[in-house]
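Participant: The sequence isn't on hand, but the structure is:
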């Protein structure tokens, strides 16, 4: 199911929103808010209540967990068209204080997988002022959408303190997708590989970009590393990006990125972690060539390891190079994942047929 996060400094407010209002997510199960008679997958209510889906009567008699209420629908310019990369906003709502939900505004959206393989989507929804100015962006992840399927989701925001502009519009800011069987994970059920692999949000200053790659041994066996992660750069269409030199070590990018030193054997017991570093500059020089952008990187932790596709949003300018640091033990990691040591079975090779259109 999807998870949501804020892409602006109001991350704490987003966390409080999740606690107060329930899940900002889409579900593919057959629970009370699961698949409906039209074949589409329903979204969990933003604020579980006696009006579980924006005023609609609940499908079951389960007790409410927050005060009920009906938000005010706000007009959208148009609901027609295919949407941005398979994602379309279908509703915008204003929540009043009387609803008992911490959300001030929420938006409903649909994700349609037009591809031939199951995919996991990262969607960024922007809440806008009447003049089109940005108020807030909210990012959410929609997991494992089968080919031809349409999944509904909901995101919400709280107004920042002070004299904040009124929200009166919404749009899809960005859509990223990766194969579901190559999706990164930082926690949750342990993959069949026995390790979680993911990228952090990174840091950027004065044209220097640094993103951390993280690996957590969530399995039951010792996991060994010695060297550099293997990388394959992919463009927005998931095609391989050629012409970029991948440097072993980050010293030639910057000496202050933490990705220097020679590779050393890293032995990870269950629950232990390692990290590597990606570093690059987005310098652009006239007459050198076209700037290179690679939103995705396919990562193999070591030779023969299964691939994981992360989204570091590489904007390499015309430099033509990316530095990668060796794997090092992550002494700061404190494992809290309750699903450690319970690997998931391999991803099924046969994907269920698509849902029928409503």
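Facilitator: Now that the structure is in, tell me what you want to look at. Keep in mind the model is a prediction, meaning the values are calculated, not measured.
Participant: Adjacent strands (with direction) for whatever helix or strand residue 122 lives in?
Facilitator: Using DSSP states H and E, the element containing residue 122 is strand 119-128. Its sheet considered, strand 119-128 pairs with strand 134-145 (antiparallel), strand 169-179 (antiparallel) by DSSP bridges.
Participant: Compare these and give me the one nearest residue 259.
Facilitator: For the strands paired with strand 119-128, the distance to residue 259 is smallest for strand 169-179, at 23.6 Å, taking CB to CB. All C-beta spots, glycine's among them, are computed from the backbone N, C-alpha and C.
Participant: how far does the strand holding residue 122 sit from the chain's center?
Facilitator: When C-alpha coordinates are averaged (CA atoms, centre = their mean, to the nearest Å), strand 119-128 and its chain have centres 8 Å apart.
Participant: what does stretch 225-233 give?
Facilitator: Its chain's C-alpha centre and that of stretch 225-233 lie 22 Å apart, by CA atoms, centre = their mean.
Participant: With stretch 299-312 instead?
Facilitator: 17 Å.
Participant: What of stretch 143-150?
Facilitator: On CA atoms, centre = their mean, the centre of stretch 143-150 falls 15 Å from that of its chain.
Participant: Now do the end-to-end distance for it.
Facilitator: Stretch 143-150 has an end-to-end distance of 12 Å (CA to CA, to the nearest Å).
Participant: Excluding chain neighbours, give the residue nearest to residue 218 in space.
Facilitator: Distances taken as CB to CB, 6 or more residues apart in numbering place residue 190 nearest to residue 218, at 3.7 Å, with adjacent residues excluded.
Participant: State whether that neighbour and residue 196 are indeed in contact, as I suppose.
Facilitator: Yes. Using CB atoms under 8 Å as the test, residue 190 is close enough to residue 196 to be in contact (7.2 Å).
Participant: quick one: low-confidence parts of this protein?
Facilitator: Applying pLDDT under 70 to the chain flags residues 1-69, 78-83, 100, 160-162, 335-358.
Participant: picking up where we left off before, can you list the strands paired with strand 119-128 in a markdown table and add mean neighbour count and distance to residue 126?
Facilitator: What follows is the strands paired with strand 119-128, written out as a markdown table (neighbours: other CB atoms under 10 Å; distance: least, CB to CB, whole Å):
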| stretch | mean neighbour count | distance to residue 126 |
| --- | --- | --- |
| strand 134-145 | 21 | 5 |
| strand 169-179 | 20 | 4 |
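Participant: can you put those in a markdown table and add distance to residue 151?
Facilitator: Converted to a markdown table, the strands paired with strand 119-128 look like this (distance: least, CB to CB, whole Å):
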| stretch | distance to residue 151 |
| --- | --- |
| strand 134-145 | 5 |
| strand 169-179 | 12 |
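Participant: between these, which one is nearest to residue 186?
Facilitator: Using CB to CB, the strands paired with strand 119-128 put strand 134-145 closest to residue 186, at 11.0 Å.
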